[in-house]
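J.: what's the 3D shape of this:
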Amino acid sequence: MKVLLINKYYYLRGGSERYFFDLKNLLENNGHTVIPFSMKHEKNERSKYDKYFSDRVEFETSPSPSLIKIGINGFKIFYNRDAVQKLEKLIRDEKPDIAHLHNIAHQLSPGIISVLKKNNIPIVQTMHDYKLICPAYLLFNGNNECRACSGGKYYNCFFKKCVKKSWLKSFIVMCEAYLHNQILKTYGKVDLFIAPTGFVKDACVEAGVSEAKIRVVRGFLNLEIRNKSVKESCRDGGLPRLEDKESCRDGALPRLEDKESCRDGALPRLEEDEEDENQKSEIDDYLLYFGRLSVEKGVYVLLDAMSKMDKKLKLKIVGDGPEFFNLKSKIKNLKLEDNAEVLGYMQGRELQEIIQESNAVIVPSICPESMCYSLLEAMSLGKIVIASRIGGMRDFINDGKNGFLFKPGDSGDLAKKLNLLFCPKESDPFLALTPLDISDISRRARVCVSELTPERHYEEIMRIYNRLT
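T.: Reported below is the predicted structural model:
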């Protein structure tokens, strides 16, 4: 099958691009021809199809762009003629069987959907964010979760200045939403939307999207790549590999759709393997946040919580983003220089090692994540995860069973959870978790994400492709 994969960025920029490239590799490894379409950029991965890529569009290239440039780029949000024409040529030359869209808004524009429909190409789109129902992408008003635009009330985006606190930018995306959702009904031409979590599907249905047009297909983790390092890092011997049918007793792990069995981790205890009965009870050196450094990710909430701890713990912050230098200033203002450090961007083996060596991973988002890969990666490595009770993260974590949840944006509640886990003498020794409790939580976390395999994901994606072609 010839699959046209479309995303506005063709380099590893975030979670959606990570999934895009993982899916590309998965399809190619199973014998399909993948034809990418994207935007030109100096960071792009190489592709023999890059001659078809549309010209680069940037909205933040200079602090004071000319009004002409603002006008040109602003129009491309509604309709990018260059992207439409180049996609048309790509379709004529390559004749794809199906198109799978990812992030296309603003740079490529929804105008490309009409080109695909005109050429009778079935269209699938994975919703990596909430652009379909929220002009500002995030269901986030700058402070907390926001559903004000639900049901087509996009004017709220303008009045609340949801895009960078700018009247102009908020007005533009408001108009874009009205144009493509209500006037041209462009998104109505998409044959099927893929939601990465039940939360995303429910939010879209609540906002008026037809439930019949949405399928929940969770992402996947490339467990094969990290298998060796997981064995090295899991002190309790870890779970048997999913492919090892005999040791898994015919792979009879709880199915991911069964939320209660997945989240509760209600399975019989595994054999003790070669677990050391004298497992050390001391905590490791540091807590970890890794991901984008932006306001909605809640890293400031985490720093505030660290300042309220009964005793000072180490914190490592890994990532890059617009708040990089502001976070360093915040650390200084809170007098946490001896305990917290911002390490910058990491990837691959370097990132994996720092995750493995951490005592726990904190995911403090204050916006509803659609599907948080940092959460899943940490759980797959058996790490204790403390996450906000918001968005798609609730699909995977049951508080106290396979991880911990706290109230979004509440640094006091997060500090209480951290004190309970890591400062039991200072909080309440009768509520403190034993090493065995923590081992059980770690085990349940790995079980919960153990079915997020490439093989399973491929089957679900192909079921959709085959149905539409």
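
J.: my read: Gln125 touches Asn103, true?
T.: No - the pair Gln125 / Asn103 is not scored as a contact, 9.4 Å apart, by CB atoms under 8 Å. Backbone N, C-alpha and C define where each C-beta goes, glycine included.

J.: quick one: the helices in the stretch 101-250 of the chain?
T.: Along the stretch 101-250 of the chain, the stretches classed as helices by DSSP state H, counting those that start in this stretch are 111-118, 155-159, 167-177, 198-206, 223-233.

J.: Which of these comes out lowest on mean pLDDT?
T.: Ranked by mean pLDDT, the helices of the stretch 101-250 of the chain bottom out at helix 223-233, which scores a mean of 46.

J.: Could you name the stretch from the helices of the stretch 101-250 of the chain that's closest to Glu42?
T.: With CB to CB as the criterion, Glu42 lies closest to helix 111-118 of the helices of the stretch 101-250 of the chain, at 22.5 Å.

J.: For the closest residue to Leu27 other than its chain neighbours, give me its contacts.
T.: Nearest residue to Leu27, sequence neighbours excluded (CB to CB, 6 or more residues apart in numbering): Val34, at 5.2 Å. Contact analysis of Val34 by CB atoms under 8 Å, 6 or more residues apart in numbering lists Val3, Leu5, Lys24, Leu27, Glu28.

J.: Which among those residues count as buried?
T.: Applying a neighbour-count criterion of 16 or more other CB atoms under 10 Å, the buried members of those are Val3, Leu5, Lys24, Leu27.

J.: per-residue confidence at the closest residue in space to Asp395 that isn't next to it in sequence?
T.: Spatially, and ignoring its direct neighbours in sequence, Asp395 is nearest to Thr197 (4.6 Å; CB to CB, 6+ apart). What the model reports for Thr197 is a pLDDT of 96.

J.: list the contacts for Thr197?
T.: Each residue near Thr197 by CB under 8 Å, 6+ apart is listed here: Val216, Arg218, Ser370, Met371, Gly391, Gly392, Asp395.

J.: From Tyr52, how far out is it?
T.: Using CB to CB, to the nearest Å, Thr197 is found at 32 Å from Tyr52.

J.: just Phe396 next, same as before
T.: Taking CB to CB as the measure, Phe396 falls 38 Å from Tyr52.

J.: quick one, which of the two is more surrounded?
T.: More crowded of Phe396 and Tyr52, by other CB atoms under 10 Å: Phe396, with 25 against 21.

J.: okay, now the nearest residue to the more buried one once chain neighbours are set aside: neighbour count?
T.: Of all residues not flanking Phe396 in the chain, Cys448 sits nearest, at 5.9 Å (CB to CB, 6+ apart). Using other CB under 10 Å, Cys448 has 28 other residues around it.

J.: how much space is there between Cys448 and Lys401?
T.: Taken as CB to CB, the span from Cys448 to Lys401 is 9 Å.

J.: Poorly predicted segments of the stretch 301-450 of the chain, please.
T.: Within the stretch 301-450 of the chain, the stretches with pLDDT under 70 are 424-432.
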